[in-house]
Structure formats: C-alpha cells, structure tokens
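# here's my sequence, what's the structure:
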Amino acid sequence: MKKFNNYLERPLSVVTSKKTELLYKFKNFPLFFGCVDTPKDKDLLADMCWEIDKTSGVIQLSRLIPLHILYSEQHVDGVGKTWESYYSNFANYISKQNLHNVCEIGGGKGKLAKNVLQDDADIVWTIIEPNPIVQPQERLKVIKEFFNENTEVDNDGDLSAFVMSQVFEHIYDPQLMANQLAKKLAIGGKVIIAYPQIKDWLRNKFTNAINFEHTMLIDDFIPYIFNKAGLQLIDETKYEQHSIFYTFEKSKKKLKELDLPNLYNEYKEIFQNFISYHEQMVSDLNDKISNSKEPIYLFGAHIFSTFLFAFGLKKEIAGILDNGDLKKNRRFYGSDFIVSSPQVLKNKGKVNIILRAGLYNEEIKYDILKNINNEAVFW
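Residues are numbered from 1 along each chain as shown. From the prediction side, this is the model:
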C-alpha cells in the first residue's frame, strides 16, 4: 500500500469561511470503501484530518481526496429491504410534485430514476454520474461525468428540478453547489434532496456517518446554505431514521438570510463520544477474538469495516461477508480479504459475526439467522 499526499486542501469552514481547528487525525486510512481487482500494493492510504469551526460547530475534513481518485469506480449497491423501501418512498415524494424535466446528480444504478419513471408516465429524467451502472432508455438520459458549472443538460431553462439522492453530503463545497443549482434553474424551479441523518448516525456511533466521502457534519445548516443561494425551503420531511427529504424552490425575491446557529459544543461532544466509544468497543472485540474457539467473520465490505480496522480491530478473522454483487469474490480495499457471500456460513454450525452496520444491523441479522445459519452469534 502507498501513502497518498496529493490532497485538496480545505482549511476554511464550508459554512462560515472561518479557519478551523484540529479535532482528530486518523493516520493511513484506506481512501476507497469498496472492493477492487487490483493488487494490494496499488491501494492508497491517506490521513483523515477532522477539524471544527468554532464559530458554527461545523465539522469537516481539512484534506480532501480528488474526486476522480475517490470515486474511481462504483461501489454502492444499495441492496436489501431498507434501501428498497427508501427508493420507493423518495420516488413517491418526488412524483407528488408535478415535475416534467428532472436532472438527477449522481444516479448510480438508476434505482431512483426507475422508480419514478415507473410511477410517472410524463416525466423525463437525466442522470449525471461519473460511474453509471444504468443504460439510457426512453425518457432516461445518462451523462457520464461529474456535475460542474459547465455541465450542459438539455433544456436547462426548462428544468423542473434537480434531484440528489444521498449525494449532497459528498459535495466538497456545498455553498458553491447550491449556488450553481440556483443559477441553472428558472424561477419556481426546485432542488429536491434526500440527505442522510448524519448527526443522529454519528450520535448513535454509526461508522458510515462521516468519512472520506461524507466529509462534513452540516445537518443543521442545510436550510441556511440553500437559503443563501436564493432557494427557499418549501418542505422538510423526515424519513424514518434514514434520511431527510428536502424541497427548495428558486424564489423571485431576495430571501431574508437565516440565523446561523453555533453548535460548537454539541457537535464536538458528539464527535468525541464517537471516538471514545469505538476505541473501547474495538478493545472489547479484540479480547473476544483472542478468546474465541469458533470462526469469526466481519460483515460489511464497506466503511463499517474500514473504520473498525482503523481503530485497531485484529485481522485474525475467517473473512469478510457482504450481500452486494459489486463486492462478492473481490478484494476488500486496504486488506487481503476476498469478500464472500453470507451463504458461506451454511452448515458451518456456530460462528461469530462482528456486525456494525448501523441502520442495517437487524435486516442483516434476520436474513442470516432465518435463511442461512441459525447458530450464528452476533457481536
């Protein structure tokens, strides 16, 4: 593995443009959270430096990975009932808004687009995605690139809305993005986003909350950012413990600037509790690994496992499991492990599984116990 040094520097707060101060540094953190077919010596390690803005409480990475490296290939499947329910509900939220020409920034496998197109026979959809796993079809256009100010979408002046599903948290400059979206929309045009409940995830110690891809904790500042761009909050709907659905509309009048909250103490405490919890939790898991007589597996070829290894989890395990088709039988980045389907647990008797997959824990546990191995023990 090689050390990465060609960072994009971000020394100022994405909300206030004030200088930030260091909170915590993870040294030599794998910068890709999926599976690859390349040899391990090609993997890149980078320092993950978390900083905080004292005037607002915004937490963010001060060093960023260039997008073409971080998103060198698609690694998110969005599989399982939790994701199926999410796509269905967000599609329904969008379909109720009488849209006709939509541009989705970041479309992945096109699951959201397919859900909406199935429900709405009149809507036309364009996906802008650097690593699309979806083919163009009637009423669906695919543009392979990162969205930027020069991106051309057919009928820009006639766009009903921009849509982002689990994308805005990946943006390096959220204010610039909001400004660019507003500039491309006509009066009355909308921005509709599904944003993960990152603050609550971090408070609940979920390891998919913040990382090289989710580079900010800005949950309470989302309306402030879009308001500053001239996009007025029309609707805010909480979807379970998963996401928040927002609708913003371009206003014909200058909006009154919203008050900027200062959540320094709250955000700092949430972050510090996240760190101390995982230091102790990994220490306890390592004791269990040392004393276990049964095979031990780790579930999740994703950021969940990357974080556990970064906190010092022993790699004396039988393997890593994942349900994603993009990951099975491929090497988990930053390790020597070839990822297996949970089906390998069949007929193995008692096995121990380290499961720290946030909102998806119960779904994963239920599937393994009911359909694969009812003797599995989850740590």
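
# got any ranges where the protein has weak pLDDT?
73-79, 154-157 (pLDDT under 70).

# which residue ranges of the stretch 151-300 of the chain form helices?
Along the stretch 151-300 of the chain, counting by DSSP state H, counting those that start in this stretch, helices occupy 174-184, 198-203, 222-228, 264-291.

# Asn374: which of those helices is closest?
helix 264-291 (20.7 Å; Cβ to Cβ). No exception for glycine: its C-beta is placed from N, CA and C like everyone else's.

# which positions within that closest one qualify as buried?
Tyr264, Tyr267, Lys268, Ile270, Phe271, Phe274, His278, Met281, Val282, Leu285, Ile289 (16 or more other Cβ atoms under 10 Å).

# chain center to it: distance?
On the basis of Cα atoms, centre = their mean, to the nearest Å, helix 264-291 sits 21 Å off its chain's mean C-alpha point.

# do stretch 130-149 as well
With Cα atoms, centre = their mean, you get 19 Å for stretch 130-149.

# now stretch 165-172
7 Å.

# in what helix or strand does Lys315 lie?
Here Lys315 sits in a region with no helix or strand, counting by DSSP states H and E.

# I'd guessed it sits against Ser335; true?
Yes. Here Lys315 reaches Ser335: they are 7.0 Å apart, a contact under Cβ atoms under 8 Å.

# strands of the stretch 201-350 of the chain, start to end?
216-217, 231-239, 243-250, 296-299, 319-321, 331-332 (DSSP state E, counting those that start in this stretch).

# would you list those strands in CSV and tack on distance to Thr38?
Below are the strands of the stretch 201-350 of the chain laid out as CSV (distance: least, Cβ to Cβ, whole Å):
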stretch, distance to Thr38
strand 216-217, 29
strand 231-239, 37
strand 243-250, 33
strand 296-299, 21
strand 319-321, 17
strand 331-332, 8
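
# closest to Asn179 out of the ones you listed?
Here strand 231-239 is closest among the strands of the stretch 201-350 of the chain (Cβ to Cβ), at 9.3 Å.

# pull up the pairing partners for that closest one, direction included.
According to DSSP bridges, strand 231-239 forms sheet pairs with strand 243-250 (antiparallel).

# how about residues contacting the partner strand?
When contacts are defined by Cβ atoms under 8 Å, 6 or more residues apart in numbering, strand 243-250 is touched by residues 86, 90, 93, 97, 166, 182, 185-197, 219, 222-223, 226, 230-239.

# please repeat the previous calculation with a cut-off of 6 Å.
Residues outside strand 243-250 that contact it (Cβ atoms under 6 Å, 6 or more residues apart in numbering): 93, 182, 185, 187, 189-196, 226, 231-239.

# export that strand to PDB, keeping only CA atoms.
Below are the C-alpha coordinates for strand 243-250, written out as PDB (Å, rounded to 0.1, in the frame of the first residue of the first chain):
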ATOM      1  CA  SER A 243     -32.800  10.500   5.700                       C
ATOM      2  CA  ILE A 244     -34.500  13.800   5.500                       C
ATOM      3  CA  PHE A 245     -36.300  14.800   2.300                       C
ATOM      4  CA  TYR A 246     -36.000  18.500   1.400                       C
ATOM      5  CA  THR A 247     -37.600  20.600  -1.300                       C
ATOM      6  CA  PHE A 248     -36.200  24.000  -2.100                       C
ATOM      7  CA  GLU A 249     -37.600  26.400  -4.600                       C
ATOM      8  CA  LYS A 250     -35.900  29.200  -6.500                       C
END
